[in-house]
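Chemist: just coords:
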């Protein structure tokens, strides 16, 4: 076909580790036509980003293309000279990275970075490019399109930065843009806005795109075709609708099924029962900046309270108040009806033991220099006073509870484990203290969906076995749906709505809850169109949140 | 005229580079390596080839030159021979490392650059020389053995059998070497204070040039053997520098980590105090304090050395404080520290068990670098006359004592090399430590070649 833009045949890529080259991609074919959007999905380590970069003829350091061919518009990128590639990259092929905040140079203004490409490639003069940039900003519905370009990257929000990056990629009107997880780091309310803008502008300029993501619902909105990767191999490829309605391979089916995990509803809390944790009228501030206003909610034995809201809404700050890391200015934190000292330094060992935390990033939550046995063994020794063989037995028991065989994992370091396994170790460390109450701070948001589901099932099982109470902080409403008993919705440091899960997911809602719920992408390729039709382009994302204030 | 030569040279090299690239393209059938080579890189290759050619030609002229003419090439030949000898030494040391040792250590050696291998072998040689400069006494061997036994037993009682075996083996090897060296005798042929019959013997051991085979590196003005003093100098200078660095890390490292962990007013007070100390130029400050200390020490020479160790350690610990505080601050914000705090852990557990293990890589690299600076400071102070006091041999003092012979460099290079021997010993160790530190920093930064 004449409109074939990217043609990859039998692509093999190897990465170097420990003195040998290990295969990362084992022979992948990929076709992309002009104006088409291809979704690449798979869990982390599947090779999505590697394939995306390879379609620009580029590999990261320590990685090499060992076989196959990559053709862009008839030009073989693997044998092309550096000069030819320089002419293509940025001008005809552009790249949008996951973290716009890390990809912009903080020392230059947005528009100055925007014009660099066109001026370098001789497409436009600086003045024309600036005008064009403002036009693109307008099309991407950035606020103040004429002046936002003169701000520095830190002066605009994450979602705006991601759109500015898309505008920058568009600056030379490329034929191909590679989007590498552009919305993964954003809140749902911001994500929907970025998705709508990207789709609109890609359609308008008939740009082909490779959209890399691990979020199936997102890719359903964006892509014409979907290709599923697993450990460097292609699983299957089909049109978006066919893929969603009729996946052929077992692996794809399992990906699709992840979101179906749901716990049976529990009986209502007996009125008058003493809650395990009670947060009463808590007001807190970082220095002079107030962050929490009069927050109150109860957590009962054996139940899960999900705290939801976008970033900056005070979810994690509430957790810091409960643990005593940030003593509240006013209010009371009660465990089992007894008020706790507000500062964690003033709490007794036993009071500290009762509330444990599991963190979002298992990488930073486990000391990289300590073995699994030491990490889990320390609280066992510290609280339980066990040592030697008894300690070892208890650690093995805990490892057994989190479904990892003790003899294999006892002496390993965290760096030798996968993300899901590390998160399980975090859970075991919390369990080692034998607490009544565990705070789970976004524990699944850094994990792939299949792995995240495993963690959720584990937490649910432990709750049933050990009568634990959870405070589950998350911005992912699918997680809330599967695990929560009660929901607390927070915004700007205030609780806007709270109640049992079933009530929360049935209308009528508080307008903010409504916005949050309707911004969660669904596995329906028409979902984004429907939302846009219902609410209008100016009534999504930041704009809608802004109107509410 | 010189400018014209330089311009001609550059133009010639550019031309040569262009020819090189063109031939490369033709011969290799336009391989990407030559095709994508910029003219700048080609120029670099050409210049490199020209310089190499110049070295070869000069070397040839040097070995064939006779009489007075040969003196011009003396230091050039020493440099070339030294470079070749050290490269070969480093290469074979690395080969040795890949053949013996555990699987892990073999892998480290396989991936080691030649510079790091050179650095390690030189540091090992210095350590060996400084440990066995004089006759080793039976008491020392017994003390080391007892210490080894105690440490191994403590570790075994702590429940770590494998580590105890490793420690036991290390001490065993050390004792075997010490016993061998006990019978071999001291490395230094003479004592460091011994005044011999012949003064001003020229280094080289060639009687025709004024040397003496009895004293291969010659003797100084009052007839002390330079080789022996170099060997004892290693013991004094390196040993004192090592002790000083350890002390400065104890002070700076613990204060830095403490400031990072506690923050607040303690951090402010210590940091501002360090700022004040750092505002005063280090060498001048050290000189000033040494002058005061020499008044306190009076005639007790060893007391002055103790003062020097303390003064340099305190001045240097300010740099260590800054680094360990910065490293500590990055670790303190980690979630695992928060988890430990919420568990109710004490300060010493936080610092020594949670933070320190994660700070070892940058601190170890800094240790190497600090060691060099401390070592140079001691040598400078000795050169200025307030450092290590005679009759103890010290490289800085040796350079100072023999400095006037430098003037002979043009016509009697053997004579001029007398002060340069001590200076060379200083330079060699500094370069070696820096190579190893660079390599460690490169490794800990996770960069791949």
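Modeler: The structure has been received and is ready for your questions. Just so you know, these numbers come straight off a predicted model, no measurement behind them.
Chemist: I am assuming residue B:220 contacts residue B:403, so please confirm or correct that.
Modeler: No. With contact defined as C-beta atoms under 8 Å, residue B:220 does not reach residue B:403; the gap is 11.3 Å. Any C-beta I mention is one placed from the backbone N, CA and C, and that applies to glycine too.
Chemist: who has more neighbours, these two?
Modeler: A count of neighbours by other C-beta atoms under 10 Å in any protein chain shown puts residue B:220 above the other of residue B:220 and residue B:403, at 20 against 13.
Chemist: domain parsing for the chain?
Modeler: Let's take chain A. A:4-257, A:277-518 (automatic domain parsing).
Chemist: meant chain B, my bad for not saying
Modeler: B:1-64, B:113-130+B:196-449, B:135-185.
Chemist: ok now the one helix or strand residue B:248 maps to, how far from the chain's centre?
Modeler: Using DSSP states H and E, residue B:248 sits in helix B:239-262. Distance of helix B:239-262 from the chain centroid (C-alpha atoms, centre = their mean, to the nearest Å) equals 19 Å.
Chemist: For chain A, tell me whether the helix or strand just after it is touching it.
Modeler: Following helix B:239-262 in sequence order, the next helix or strand is helix B:264-279 (DSSP H and E). No. Helix B:264-279 lies out of reach of chain A by C-beta under 8 Å from any C-beta of the partner chain, never closer than 12.8 Å.
Chemist: contacts for helix B:264-279?
Modeler: Where contact means C-beta atoms under 8 Å, 6 or more residues apart in numbering or on different chains, the residues beyond helix B:264-279 that reach it are B:255, B:258-260, B:285, B:314-315, B:318-319, B:321-322, B:325.
Chemist: which of the residues you listed tops the neighbour count?
Modeler: Ranked by the number of neighbours (other C-beta under 10 Å), these place residue B:321 first, at 28 neighbours.
Chemist: pLDDT weak spots in the chain?
Modeler: Defaulting to chain A. Regions of chain A meeting the criterion pLDDT under 70 cover residues A:1-2, A:18, A:258-261, A:536-549.
Chemist: my bad, chain B
Modeler: For chain B (pLDDT under 70), the answer is B:158-161, B:205, B:210, B:444-449.
Chemist: can you rerun that using 50?
Modeler: B:447-449 (pLDDT under 50).
Chemist: Residues of it that sit close to chain A?
Modeler: Residues of chain B lying near chain A by C-beta under 8 Å from any C-beta: B:32, B:35-36, B:107, B:110-111, B:159, B:334-336, B:338-339, B:341-345, B:354, B:357-358, B:448.
Chemist: Among the residues you listed, which are located in strands?
Modeler: Among the residues of chain B next to chain A, the subset assigned to strands under DSSP state E is empty.
Chemist: Need the nearest residue in space to the residue in the stretch 1-150 of chain B positioned nearest to chain A, chain neighbours excluded.
Modeler: Residue of the stretch 1-150 of chain B nearest chain A, by C-beta to the nearest C-beta: residue B:36 (4.5 Å). Nearest non-adjacent residue to residue B:36, counting by C-beta to C-beta, 6 or more residues apart in numbering or on different chains: residue A:82, 4.5 Å away.
Chemist: circling back: give the burial count for the residue of the stretch 1-150 of chain B closest to chain A, as a bare number.
Modeler: 14.
Chemist: Show the buried residues in the residues of chain B next to chain A.
Modeler: The neighbour count (16 or more other C-beta atoms under 10 Å in any protein chain shown) marks B:35, B:334-336, B:338-339, B:341-345, B:354, B:358 as buried among these.
Chemist: Dump those into JSON lines; add distance to residue A:150 as well.
Modeler: Output for those, formatted as JSON lines (distance: C-beta to C-beta, whole Å):
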{"residue": "B:35", "distance to residue A:150": "42"}
{"residue": "B:334", "distance to residue A:150": "37"}
{"residue": "B:335", "distance to residue A:150": "38"}
{"residue": "B:336", "distance to residue A:150": "42"}
{"residue": "B:338", "distance to residue A:150": "39"}
{"residue": "B:339", "distance to residue A:150": "43"}
{"residue": "B:341", "distance to residue A:150": "43"}
{"residue": "B:342", "distance to residue A:150": "44"}
{"residue": "B:343", "distance to residue A:150": "49"}
{"residue": "B:344", "distance to residue A:150": "51"}
{"residue": "B:345", "distance to residue A:150": "49"}
{"residue": "B:354", "distance to residue A:150": "45"}
{"residue": "B:358", "distance to residue A:150": "42"}
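Chemist: Looks like residue A:316 contacts residue A:475 (just checking).
Modeler: No. If you go by C-beta under 8 Å, residue A:316 and residue A:475 don't touch, sitting 10.7 Å apart.
Chemist: name the element the nearest residue in space to residue B:407 that is not next to it in sequence belongs to?
Modeler: Nearest residue to residue B:407, sequence neighbours excluded (C-beta to C-beta, 6+ apart): residue B:416, at 7.5 Å. In this structure, residue B:416 sits in helix B:413-444 according to DSSP H and E.
Chemist: who does that helix touch, helix- and strand-wise?
Modeler: Judged by 3 or more C-beta pairs under 8 Å, 6 or more residues apart in numbering or on different chains; DSSP states H and E, helix B:413-444 is in contact with helix B:67-99, helix B:114-131, helix B:226-233, helix B:356-384, helix B:395-402.
Chemist: In the first one, which residues are buried?
Modeler: What that stands for is helix B:67-99. Neighbour-count burial for helix B:67-99 [16+ other C-beta under 10 Å]: B:71, B:73-74, B:77, B:80, B:86, B:90, B:93-94, B:97.
Chemist: got the angle between it and helix B:114-131?
Modeler: Orientation check (axes from the mean of the first three to the mean of the last three C-alpha atoms, to 10 degrees): helix B:67-99 against helix B:114-131 gives 100 degrees.
Chemist: by contact count, what packs against helix B:67-99?
Modeler: Using 3+ C-beta pairs under 8 Å, 6+ apart as the test, helix B:67-99 ends up in contact with helix B:39-64, helix B:103-110, helix B:114-131, helix B:413-444.
Chemist: For the helix holding residue B:248, buried residues please.
Modeler: For helix B:239-262, burial by neighbour count (16+ other C-beta under 10 Å) applies to B:240-242, B:244-249, B:251-261.
Chemist: tell me what that helix is packed against?
Modeler: helix B:264-279, helix B:301-332, helix B:347-349, helix B:356-384.
Chemist: among those helices, which is nearest residue A:110?
Modeler: Nearest of these to residue A:110, taken as C-beta to C-beta: helix B:301-332 at 29.1 Å.
Chemist: ok, how many other residues are close to residue 272?
Modeler: In the absence of a named chain, chain A is used. 5.
Chemist: ah, I was thinking of chain B
Modeler: What residue B:272 shows, counting by other C-beta under 10 Å, is a neighbour count of 10.
Chemist: ok, back up a step: any chance of the domains of chain A in TSV, plus mean neighbour count?
Modeler: Converted to TSV, the domains of chain A look like this (neighbours: other C-beta atoms under 10 Å in any protein chain shown):
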stretch	mean neighbour count
domain A:4-257	19
domain A:277-518	19
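Chemist: got these as TSV, with distance to residue B:163 columns?
Modeler: Below are these laid out as TSV (distance: least, C-beta to C-beta, whole Å):
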stretch	distance to residue B:163
domain A:4-257	25
domain A:277-518	13
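Chemist: could you check the angle helix B:239-262 makes with the helix holding residue B:416?
Modeler: Going by the same axes, to 10 degrees, helix B:413-444 makes 30 degrees with helix B:239-262.
Chemist: Run the angle between helix B:413-444 and helix B:226-233 for me.
Modeler: 30 degrees.
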